[in-house]
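[1] Return a 3D structure for these sequence lines:
(one chain, ligands or ions: 1)
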Amino acid sequence: MNARLAGTLPGHVVVWGVVNVTPDSFSDGGRHADTASALAHALALRSEGAEVLDIGGESTRPGAAPVPLDEEIARVVPLVRALREHGDEGAISVDTRHAPVARAALEAGADIVNDVGGGRDPALLEAVAHAGAALVLMHMQGEPRTMQAAPHYDDVVAEVTAFLVAQAEAARARGIERLWLDPGLGFGKTTQHNLELLAGLERLVAKGPVLLGASRKRFLGELTDEPQADRRLAGSLAAAARGFEAGVAAVRVHDVRATRQLLDVLEAIRAHRS
Ligand code: HH2
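    Below is the predicted model of the structure:
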């Protein structure tokens, strides 16, 4: 597998830095909407310790409207290309549910597809397998426009885990070897569901490498009475620390420097446990 895909060291948690090239993402929409400013932001995150850059061209925040495919490609692909032309050799992930976007980003130099659709689309799986790329399978109940209307589970941890295990088996059957499982915090889940998933995270970790995305999410704002997404750093760090404790492989975050610092200290302490 690609040498760029870091994160196989035992005890090391990889930081994925979020780069949203969108006008409407929930915490940083519009800030990096053109390639030049997105490139500067991506390189800054890399220097802060993002071993993976996760580039997204479609907001999937609750209520978000779908973006036309050519628009999503036009947002993502120039940035992937610009990073490679700039000499960036680190791992690049494309955050998309759409096979044509995945295909175009992989051709431009991306290594990983972060599929918030959870591998439901055979064409996306085919694109990943064909490129020999890696895949994130994220759980989502419903779809972004309506997913927060009335999310319901009998046992959220069991249902999310069973879904991801089944999707991973299907992806492996198509020849995709490198996979992360992601519980999809906030994607068709109430605050209660998110807390149950965080509390029961070890059950998912037992099934394979887990990527956890809690950074700045609404449930953290609800728990801490903080409506402003970019003021949720401490809550986001608490969730990352919980991920570390449970044994996740990676965390997807907006605040790379602070998260890397948190993990460096936790990793150093763990290395000294007898
Ligand atoms: N969360 C978001 C987007 N993509 N991918 C994975 N694998 N896991 C997540 O938890 C996850 C994700 C939502 O965050 P963000 O990208 O900041 O917002 P938006 O979807 O509004 O662009």
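
[2] check contacts around whatever residue of the stretch 151-274 of the chain ends up closest to the ligand.
    The stretch 151-274 of the chain approaches the ligand most closely through Gly213 (2.2 Å), counting by C-beta to the nearest ligand atom. Glycine gets a C-beta too; all of them are placed from N, C-alpha and C. Listed by C-beta atoms under 8 Å, 6 or more residues apart in numbering, the contact set of Gly213 reads 138, 182, 184-185, 251-253.

[3] So which residues of the stretch 1-150 of the chain form strands?
    Counting by DSSP state E, counting those that start in this stretch, the stretch 1-150 of the chain has strands at residues 14-20, 52-56, 91-95, 112-115, 134-138.

[4] who in the protein is up against the ligand?
    18, 20, 22, 25-27, 56, 59-61, 95, 114, 116, 136, 138, 182, 184-185, 211, 213, 252 (C-beta under 6 Å from any ligand atom).

[5] do that again at 8 Å, thanks
    Residues of the chain lying close to the ligand by C-beta under 8 Å from any ligand atom are 18, 20, 22, 24-29, 54, 56, 58-61, 64, 95, 114-116, 136, 138, 144, 180, 182, 184-187, 211-217, 252, 254.

[6] just the buried members of those?
    18, 20, 22, 25-29, 54, 56, 58-61, 64, 95, 114-116, 136, 138, 144, 180, 182, 184-187, 211-217, 252, 254 (16 or more other C-beta atoms under 10 Å).

[7] sorry, back to before: can I get the strands of the stretch 1-150 of the chain in JSON lines with mean pLDDT?
    Below are the strands of the stretch 1-150 of the chain laid out as JSON lines (pLDDT from 0 to 100):
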{"stretch": "strand 14-20", "mean pLDDT": "97"}
{"stretch": "strand 52-56", "mean pLDDT": "98"}
{"stretch": "strand 91-95", "mean pLDDT": "98"}
{"stretch": "strand 112-115", "mean pLDDT": "98"}
{"stretch": "strand 134-138", "mean pLDDT": "98"}
